[in-house]
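>>> Need a 3D model of the sequence below.
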Amino acid sequence: SSYAPYGGPIQIQSNALRAIQRISPECYEELVAAGTVTADRVSGLKIGYKKGNKLAGLFDAGDWLVRFDTVGPALEAGLPATVVVDRPVIQQILVKYGMPEGTVRIDSRVESFEDLGKGRGVCATLQDGTKAYADVLVGADGIWSQVRKNLHGLGAGGFAASGAAGGAIDDAEARKLARDTVRIAAQADRRYSGFTCYAALAPHRASNIEDVSYQILLGEKKYFVSTDGGGERQQWFALIREPAGGGDPGPTAEDPTPKLTRLRKEFACTGHGDQDGNVWDDFALELVNASSEDDIKRRDLYDGAPLLTTLDPQRLLSPWAKGPVALCGDAAHPMMPNLGQGGCQSTEDGYRLGEELASVTHTREVGAALGRDSRVRVIRTAIVQGFAQLGSDLLVDFDLMMTLPLLGPFFLTMTQLSMPWILRFLYTAEF
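Numbers count the residues shown, from 1 in each chain. Modelled structure (predicted):
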């Protein structure tokens with residue numbers, strides 16, 4: 001019932017920094033000062049273990065496949081370089097510069113709302129029965145949005161699945177909610193990505209920190225992502241393809257660390273390697289072994305298409321808005337984490353929403369402004385969602401591609417050629 005910082009580091013990429021700069025130069029300056037620049041070192045894709053053949057190419061564990069230049073596209077667009085900042089620090093800065101004192105209310109989840117009509121605004125009913133009146137209601141309440149549920153009648157919303165996704169609960173409750181989320185996702189029209197994700201922030205100075213800021217080790221049915229978390233810490237994610245709703249066994253006397261045990265097998269770097277006989281580059285276990293069992297969180301990854309998979313004329317005309325109510329961020333366009341653009345696109349949403357509402361001269365115009373905003377934003381966010389979905393699916397197919405003569409080298413070359421274009425699309429000064 002009181003404000004408390006929560007969460008690990010997150011990348012604020014160049015496009016999101018420009019949006020924040022336009023919203024509040026003071027907020028932007030303080031975020032950049034608090035962050036760690038990650039665009040000044042190498043980023044890219046590596047093969048996780050020895051793979052290939054003489055016709056398709058031979059690669060040793062840890063060989064670079066694709067390197068990304070994130071500084072060049074940003075500089076071309078006149079944008080600042082990407083930084084990584086702890087979420088609690090971001091929260092504190094946003095509260096300091098973006099929220100008048102006394103306006104942040106904790107434990108005030110929106111249960112339902114009523115459009116009062118004729119420019120009279122909206123009445124939101126909170127979970128405790130309190131009613132709040134406003135000109136506009138923006139549902140920025142995550143992938144399992146309760147506002148979205150009420151706005152479009154798309155099934156489940158609320159805390160249960162969000163808690164599982166966020167990792168702010170103990171392992172036993174997370175296992176139960178992972179199973180519940182399978183049912184909730186079907187009701188809410190969300191797509192299971194096919195991946196479960198283990199994640200942690202390791203208090204560890206990585207062996208390659210001077211040269212590498214972000215890398216993905218690719219493998220068969222899984223891949224391992226690591227990024228500089230600032231302050232001699234590494235944030236890592238192990239994505240493994242398997243059915244939704246699974247969970248790790250609880251700790252026992254024989255195995256007090258079941259998550260660590262599984263990950264050490266999945267990314268084994270000695271002996272016979274993993275269950276498929278692949279001996280991984282030792283960097284994955286360098287970070288896994290630097291993490292404690294309690295710090296490792298597991299969640300199934302879900303995303304979804306924009307609200308365009310419909311024949312409803314109202315939703316086609318105004319995908320994320322109806323009357324004085326609009327959706328924003330993951331509530332509107334949840335996406336896979338591969339591009340690091342989930343929070344960045346949400347930041348763009350906030351900027352564009354403010355620009356549209358600034359043009360309103362009477363509350364009767366609010367609905368039209370929200371509709372215009374969603375029609376503009378849905379195009380860009382749908383493209384970014386598509387890149388993220390396709391990228392995630394293709395990452396686990398690199399293993400296969402490395403063995404195919406002609407097709408493998410062609411696929412690798414096309415990936416190398418396409419990344420600068422994708423980054424230029426992401427790092428635009430206009431949203």
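>>> can you map out the strands along the stretch 201-350 of the chain?
For the stretch 201-350 of the chain, strands defined by DSSP state E, counting those that start in this stretch occupy the ranges 212-219, 222-228, 234-241, 297-303, 321-322, 325-327.
>>> got the ones you listed as JSON lines, with mean neighbour count and mean pLDDT columns?
Just so you know, the C-beta spots here come from the backbone N, C-alpha and C atoms, and that holds for glycine as well. Putting the strands of the stretch 201-350 of the chain into JSON lines (neighbours: other Cβ atoms under 10 Å; pLDDT from 0 to 100) gives the following:
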{"stretch": "strand 212-219", "mean neighbour count": "24", "mean pLDDT": "94"}
{"stretch": "strand 222-228", "mean neighbour count": "24", "mean pLDDT": "95"}
{"stretch": "strand 234-241", "mean neighbour count": "22", "mean pLDDT": "95"}
{"stretch": "strand 297-303", "mean neighbour count": "22", "mean pLDDT": "92"}
{"stretch": "strand 321-322", "mean neighbour count": "26", "mean pLDDT": "94"}
{"stretch": "strand 325-327", "mean neighbour count": "27", "mean pLDDT": "96"}
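>>> Mind putting those into CSV with distance to Tyr351?
As requested, those are arranged in CSV below (distance: least, Cβ to Cβ, whole Å):
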stretch, distance to Tyr351
strand 212-219, 25
strand 222-228, 24
strand 234-241, 26
strand 297-303, 22
strand 321-322, 16
strand 325-327, 14
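>>> Nearest to Ile23, out of those strands?
Ranking these by their distance to Ile23 (criterion: Cβ to Cβ) puts strand 325-327 first, at 17.0 Å.
>>> for the closest one, packing partners?
Where contact means 3 or more Cβ pairs under 8 Å, 6 or more residues apart in numbering; DSSP states H and E, strand 325-327 is packed against strand 137-139, helix 146-152, helix 366-395.
>>> possible to save those as CSV with distance to Arg179, mean pLDDT and mean neighbour count?
Putting the helices and strands packed on strand 325-327 into CSV (distance: least, Cβ to Cβ, whole Å; pLDDT from 0 to 100; neighbours: other Cβ atoms under 10 Å) gives the following:
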stretch, distance to Arg179, mean pLDDT, mean neighbour count
strand 137-139, 26, 96, 23
helix 146-152, 20, 91, 22
helix 366-395, 23, 90, 19
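>>> between the ones you listed, which gets nearest to Thr82?
For the helices and strands packed on strand 325-327, the distance to Thr82 is smallest for helix 366-395, at 15.5 Å, taking Cβ to Cβ.
>>> now the closest one: how far from the chain's centre is it?
What separates the centre of helix 366-395 from the centre of its chain is 14 Å, taken as Cα atoms, centre = their mean, to the nearest Å.
>>> elements contacting it?
Helices and strands touching helix 366-395, by 3+ Cβ pairs under 8 Å, 6+ apart, are strand 191-202, strand 297-303, strand 321-322, strand 325-327, helix 342-358, helix 407-426.
>>> Least reliable of those by average pLDDT, please.
Comparing mean pLDDT over these, the weakest stretch is helix 407-426, at a mean of 86.
>>> Distance from the chain centre to it, please.
On the basis of Cα atoms, centre = their mean, helix 407-426 sits 21 Å off its chain's mean C-alpha point.
>>> now the angle from that helix to helix 342-358?
Per axes from the mean of the first three to the mean of the last three Cα atoms, to 10 degrees, the angle that helix 407-426 makes with helix 342-358 is 30 degrees.
>>> For helix 407-426, which outside residues touch it?
If you take Cβ atoms under 8 Å, 6 or more residues apart in numbering as the criterion, helix 407-426 is touched by 13, 15, 45, 52, 56-57, 65-66, 68-70, 72-73, 76-77, 339, 341, 344, 383-384, 387, 394, 401-402, 404.
>>> how about a cut-off of 7 Å?
If you take Cβ atoms under 7 Å, 6 or more residues apart in numbering as the criterion, helix 407-426 is touched by 13, 15, 56-57, 65-66, 68-70, 73, 76, 339, 341, 384, 387, 401-402.
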